[in-house]
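**Q** Sequence below, structure please.
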Amino acid sequence: MKYVFFVFCLIGFAQHPNPGYWQQEVNYLMDVHVDVQSYKYHGSQELTYTNHSPDTLSRVFYHLYFNAFQPGSQMDVRSRTISDPDKRVMDRIQNLSPKEIGYLRVNELTQDGKEVLFSEEETVLVVDLSEPLLPNTSIVLEMEFEGQIPVQIRRSGRNNKEGVDLSMTQWYPKIAEYDHEGWHPNPYIAREFHGVWGDFDVSITIDKDYVVGGTGYLQNAESIGHGYTDLPIDHEGPTLTWRFVAPQVHDFAWAADPDYVHDVIAGPNDVELHFFYLNNPELVENWKRLQQDTVKAMAFFNDTIGDYPYKQYSVLQGGDGGMEYAMCTLITGERPYESLFGVTAHELAHSWFHHLLATNESKHAWMDEGFTSFFDLLAEFYVLEGDGDLFNKPYDNYFRLVASGKEEPLTTHADRFEHNSAYGVGSYSKGTIFLNQLGYIMGYTKLFSTIRRYFNEFQFTHPTPNDFKRVAEKVSGLQLEWYLNDWTQTTKTIDYGIDTVVAAGNKTQINLLRIGQMPMPVEVEVELKSGELTFYYIPLQMMRGEKDFENKEVVVLSDWGWANPNYVFVVDYPKEKIKNIRLNSDGLVADVDQTNDNFVVE
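**A** So this is what the prediction gives:
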C-alpha cells in the first residue's frame, strides 16, 4: 500500500495553464462478482463526486454502455442503416438471443444515504439529485447494479473470435463528463468516449482459474499467483478476489481468461510491462518478440512526447481489434508480427493522446486518433527500422476521401458522420496530416517542441483544439488560427499550381495560382540544367511570420495574401538554363491536384 500511496502523490491533481480552468473529480470504490457460467455479474459502487465547477448541479448522468448490445438499440439500428457499416457489427446485434445480449441495470441508487429518482434511457441513466450539488462540494452516490456480458461484437464482450473469455470494457455504470460546455451524456452508438478524472479502487471476484489483467495496480498479488508472484499459492474455495487500484485515470478496463499466459518485463523509467495472451503455440513467438519492441516503443514516446507517469502498462489479448484503455490495451493477437506490433504501438500511443491528454473524443476525434497515428507511424518506422515514406498511406486515404465527395468537417460529432469511411479517414488520416503539415508550416524542430510543451502543460486535463493551437503559436511565433479553422472546421482543400513560366531577359518570371480555397505558405524548388537547386519560400501573410528553415539556405520572397489567387515572382536565371520548377517537392502539403505542381522547361 505504501507504493500505491506514493503513486497517488506523484501524479496528483491537474495543474492547468489556463486561468479559471476547472474539471470535475471522482473516486470509485467498486466490488463486482462475476459468474463465468452465466456471464452475469452484480456489484456495488460507491462514487464520491466533487463539483469543482462554478455551477449548482441538480442532475447527473451515467453511461450504461452494455445496453447498446440489444436488438433495436441505437447502435443496432445505426449499423443496419448506415451505407458502410462496421464489418464487426453489421446486423449481429439484431440477431442476439436474450442470453447473448448485454445489459447494465441500476437497481438501487442513493445520494448521501437518501434515495434519488433515476430513469434508464437506453445507454444513459438520468439521475435527479435529492439535494442540489453546490460548487466546491462533494456527494457520495451509492448503487447496486447488475449486468450481462454480451457476445463479443464491438470492443466489449465474451468469447471473442480468438477464444478470449472476457473483454470487460465499458462494463460499469460510469459517470458522464461535465465541463465548461455542460454535460456530455452521449448515447453509445458507435465510438469514442469522454470521462472524468479520478481514482479507482476495484475488487473483482471471479472463478479462481481465471487470470485477470487490466487497469491499475494489483494490491493482493501475494494471494493471487497467476504470474503476479512466484510464491506457491493454495486457493481455498471456488473463487478469487482481485483488487486493483488506479490513480488519476478516467476509465477502468480488464480482461480475463483461464488460459492466459502472463509475462512481466521491465520497461523504461521503472515501468512494469505486463503481457496477457492465450497459451497458443502459434502465438508465442510473436508475443515474446512484441515485449522488447514495446519497451522500445514506450521509450520512443517518452523521448518525443513526455514521460509515461504510471508504473505499469498491460497489453492484453482480447476485444475485436485494438482499443486503448487506462494503463492498458486490448488487442486481437492472431496477426502477422508487423500488424501485431503496429496495433500495439498505436494503442500504446493513445496512453499519451487519450489517457493523459484527455480531449473530448466525441467532438475532437482527430486530435486523439490523428496525433496517435502520427506518433504510431514514427514508432513503427523507428522500432522496425522501416524505409520509404511512412506517411504515404494517410495522404493517399485523404486524397481518395476528397475525390469521393464524402468528406465532412472534422468538427462533426464522431457518431454523426454520414459515412464510417469519412469518420475513419478524417479522424485518423486527416488528423495525422494535420501534424505533418504543421511541421511543414513551422519546422519539425518546433513541431516536436510544441508536442512536448503541450503534453507537459495539459496532461491530466481535457485540452481543446485551441489549447494545442495556442501552444504551437507560442513555440513558433506564428499565427495559426487559419490553419486550425480551415483544416478541421471546413472541407476546403489545398491546391496550388504553376500557371506560366515566362522569359524576362536574363531572368525568368514564374506565375503561380491558388486554386483551392485553403491557404498555405508555398515552397518552390528551381532546378537548373547544371543540377544546381535554389529554394524559394513564399510566406502566407496571415501567418505574420516565417518558418525557421534552420540550416537550409532559402530565398525568402514577399508575403502572399490569401485573397489574391495569383502570385508572380522573378528568379535570377534565364529560362533556357532552368530544367524544372516544382511546388511541394517534399510532398508534405496535401495538395489535392499535383498535376500542376511540376513545370518542365522545354
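
**Q** make it CA atoms for all contacts and neighbour counts henceforth
**A** Will do.

**Q** Closest to the centroid, which residue in this structure?
**A** Nearest residue to the geometric centre of the chain (Cα atoms, centre = their mean): residue 368, 3.3 Å.

**Q** correct me, but that residue touches residue 355?
**A** No. The pair residue 368 / residue 355 is not scored as a contact, 9.6 Å apart, by Cα atoms under 8 Å.

**Q** export the helix of greatest length in the chain as PDB, just CAs?
**A** Identified as the longest helix of the chain according to DSSP state H is helix 281-304. Taking C-alpha atoms only, helix 281-304 is exported to PDB below (Å, rounded to 0.1, in the frame of the first residue of the first chain):
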ATOM      1  CA  PRO A 281       1.900 -22.300 -29.600                       C
ATOM      2  CA  GLU A 282       1.300 -20.400 -32.900                       C
ATOM      3  CA  LEU A 283       1.200 -17.100 -30.900                       C
ATOM      4  CA  VAL A 284       4.000 -17.400 -28.500                       C
ATOM      5  CA  GLU A 285       6.900 -16.400 -30.800                       C
ATOM      6  CA  ASN A 286       5.200 -13.100 -31.900                       C
ATOM      7  CA  TRP A 287       4.100 -12.300 -28.300                       C
ATOM      8  CA  LYS A 288       7.600 -12.800 -27.000                       C
ATOM      9  CA  ARG A 289       9.100 -10.600 -29.700                       C
ATOM     10  CA  LEU A 290       6.400  -8.000 -29.000                       C
ATOM     11  CA  GLN A 291       7.600  -7.500 -25.400                       C
ATOM     12  CA  GLN A 292      11.000  -5.900 -26.100                       C
ATOM     13  CA  ASP A 293       9.600  -3.900 -29.000                       C
ATOM     14  CA  THR A 294       7.000  -2.500 -26.700                       C
ATOM     15  CA  VAL A 295       9.800  -1.400 -24.400                       C
ATOM     16  CA  LYS A 296      11.400   0.400 -27.400                       C
ATOM     17  CA  ALA A 297       8.100   2.000 -28.400                       C
ATOM     18  CA  MET A 298       7.500   3.300 -24.900                       C
ATOM     19  CA  ALA A 299      11.000   4.700 -24.700                       C
ATOM     20  CA  PHE A 300      10.400   6.400 -28.100                       C
ATOM     21  CA  PHE A 301       7.200   8.000 -26.900                       C
ATOM     22  CA  ASN A 302       8.800   9.100 -23.600                       C
ATOM     23  CA  ASP A 303      11.500  10.900 -25.600                       C
ATOM     24  CA  THR A 304       9.300  12.500 -28.200                       C
END
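
**Q** Report the buried residues of it.
**A** Residues of helix 281-304 classed as buried under the neighbour-count rule (16 or more other Cα atoms under 10 Å) are 283, 286-287, 290-302, 304.

**Q** returning to what we had before: give me phi/psi at the residue nearest to the centre of the chain?
**A** Backbone torsions of residue 368, given as degrees, to the nearest 10, read phi -70, psi -60.

**Q** mind listing what it touches?
**A** 350, 353-354, 359, 361 (Cα atoms under 8 Å, 6 or more residues apart in numbering).

**Q** what do you get for residue 340?
**A** Listed by Cα under 8 Å, 6+ apart, the contact set of residue 340 reads 286, 290, 333-334.

**Q** Taking these, tell me the two that lie furthest apart.
**A** By the measure Cα to Cα, 290 and 334 form the most distant pair in those, at 12.7 Å.

**Q** All set now, cheers.
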